[in-house]
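Trainee: Everything below, folded, please.
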Amino acid sequence: MTSTVARRWQTGGVNRSIRVLVLALLVAVGLVAACSRDSGEGAGEGARVEFTVESLQSSDGEFAPGTDRDKLVADAAKLLAQRLSDNGLKDPKVSIENGASAVVVTTASGTRADVVALASAGVLAIRPVVFTTQAMPDAAGLDVELRQANASTPPAEMARRAQQLKCGGGVDELAGRDDAADLLVACSQNGKSVYSLGPAVISGAEIEKATATPGSNDNWNVTMTFRGEAKTKWPAYTAKNIGQATAFVLDSRVLSAPVIQTAIAGPTEISGDFGEAEAKHLASMLSSGSLPVRFTPKD
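Mentor: Down below sits the predicted model:
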């Protein structure tokens, strides 16, 4: 095609021939770029993110003596690579460095934000809501060890602690480390509310599968099915607690806290202010299971 057009313009001068050739090349390049976008390729230029590695079993992040750190980190690296691949990030590589004290993640597509989101521990728990209040910007703040308490702690004490908890940005030192058997004080994901929560009734380990599904108003939801005892435990719990708010907690933050309207015998939906990518990331984490260690991104 290009050569035919060029020959047509040869009698009109070299300059016109060159202009047509350049135009044809630009059109061809534009078509290639458009096809690349339509096929989903080139979504993000890739990312390189370095993480520090911490234990999820201690408040200070240190691994207890005798812990097989190398195995835990290797398992976490493998799981993270699978999450990245499942979410369409090309050529994901997770390298373990510095004696398993750090990992470096590289991808050929996607963004740093994608990698960081998928590297979250992904520890889910479903907990009853005991008390909730609006987060206060001028709250005094609450030491991380006071955000949990044994189940015998009076509700009034946990409510008092909730009113002291300061929500906002930054790294949550408790994220993924809360004990499912303890009471918990937690912020909502958007930082606008604070909750006092009871012990977990369902854990993330009891999720069989999670999928992202379109909701209303351009929001997305995550639909879960359960395995094992949870298949009967969850319907029984919801039947007994109609009218009770119940929180879906991920890495010690409340994703949503809906009021149970009826007994739920089938799939359960987490609805929130999720975009498509966020819902797919969450579904991937819940389906794959939580990471056995915590990855904290370096600046």
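Trainee: from here on, contacts and neighbour counts on C-alpha atoms
Mentor: Will do.
Trainee: Got the phi and psi for residue 237?
Mentor: phi -60, psi -50 (degrees, to the nearest 10).
Trainee: tally of neighbours for it?
Mentor: 16 (other CA atoms under 10 Å).
Trainee: Pull the contacting residues for it.
Mentor: residue 263 (CA atoms under 8 Å, 6 or more residues apart in numbering).
Trainee: Report pLDDT for it.
Mentor: pLDDT recorded at residue 237 is 96.
Trainee: That one and residue 224, how far apart?
Mentor: Relative to residue 224, residue 237 is positioned 16 Å away (CA to CA, to the nearest Å).
Trainee: cool, and residue 147?
Mentor: The spacing between residue 147 and residue 224, counted by CA to CA, is 28 Å.
Trainee: Over to residue 160?
Mentor: From residue 160 to residue 224 the distance is 33 Å (CA to CA).
Trainee: before we move on, what about residue 204?
Mentor: 10 Å.
Trainee: residues contacting residue 155?
Mentor: Residues in contact with residue 155 (CA under 8 Å, 6+ apart) are residue 130.
Trainee: partner strands of the helix or strand harbouring residue 196, parallel or antiparallel?
Mentor: Assignment of secondary structure by DSSP states H and E places residue 196 within strand 193-197. Strand 193-197 sits in its sheet next to strand 124-134 (antiparallel), strand 183-187 (antiparallel), going by DSSP bridges.
Trainee: For the closest residue to residue 136 other than its chain neighbours, which three-state class applies?
Mentor: Leaving aside its chain neighbours, residue 136 sits nearest to residue 166 (6.8 Å; criterion: CA to CA, 6 or more residues apart in numbering). Put simply, residue 166 is coil when judged by DSSP: H, G, I helix; E, B strand; the rest coil.
Trainee: wait, residue 57 sits on residue 177?
Mentor: Yes - using CA atoms under 8 Å, residue 57 is in contact with residue 177, at 6.4 Å.
Trainee: ok, now how distant is residue 58 from residue 100?
Mentor: Residue 58 is 17 Å from residue 100, where distance means CA to CA.
Trainee: So between these two, which is more surrounded?
Mentor: Neighbours per residue, other CA under 10 Å: of residue 58 and residue 100, the larger number sits with residue 100, 17 against 13.
Trainee: Now do the more buried one, the pLDDT please.
Mentor: According to the prediction, residue 100 has pLDDT 93.
Trainee: so what's residue 218 up against?
Mentor: Going by CA under 8 Å, 6+ apart, residue 218 touches residue 275.
Trainee: any idea how far residue 220 is from residue 140?
Mentor: 35 Å.
Trainee: And these two? Which one has more around it.
Mentor: The neighbour comparison of residue 220 against residue 140 (other CA under 10 Å) goes to residue 220, with 22 against 12.
Trainee: Grab the nearest non-local neighbour of that one.
Mentor: Leaving aside its chain neighbours, residue 220 sits nearest to residue 214 (4.5 Å; criterion: CA to CA, 6+ apart).
Trainee: what's the burial count for the one you found?
Mentor: Neighbours of residue 214 under the rule other CA under 10 Å: 14.
Trainee: swap in residue 246?
Mentor: If you count neighbours by other CA under 10 Å, residue 246 ends up with 24.
Trainee: Can you give me the pLDDT of the nearest residue to it once chain neighbours are set aside?
Mentor: Closest residue in space to residue 246, ignoring its immediate chain neighbours: residue 128 at 4.4 Å, by CA to CA, 6+ apart. As predicted, residue 128 sits at a pLDDT of 98.
Trainee: Now do the contacts for residue 128.
Mentor: So residue 128 contacts 197, 198, 199, 200, 201, 244, 245, 246, 247 (CA under 8 Å, 6+ apart).
Trainee: sec struct for the fourth one, please.
Mentor: Per three-state DSSP, the secondary structure class of residue 200 is coil.
Trainee: Residue 184 is in contact with that one, correct?
Mentor: No - using CA under 8 Å as the test, residue 200 is too far from residue 184 to be in contact (9.4 Å).
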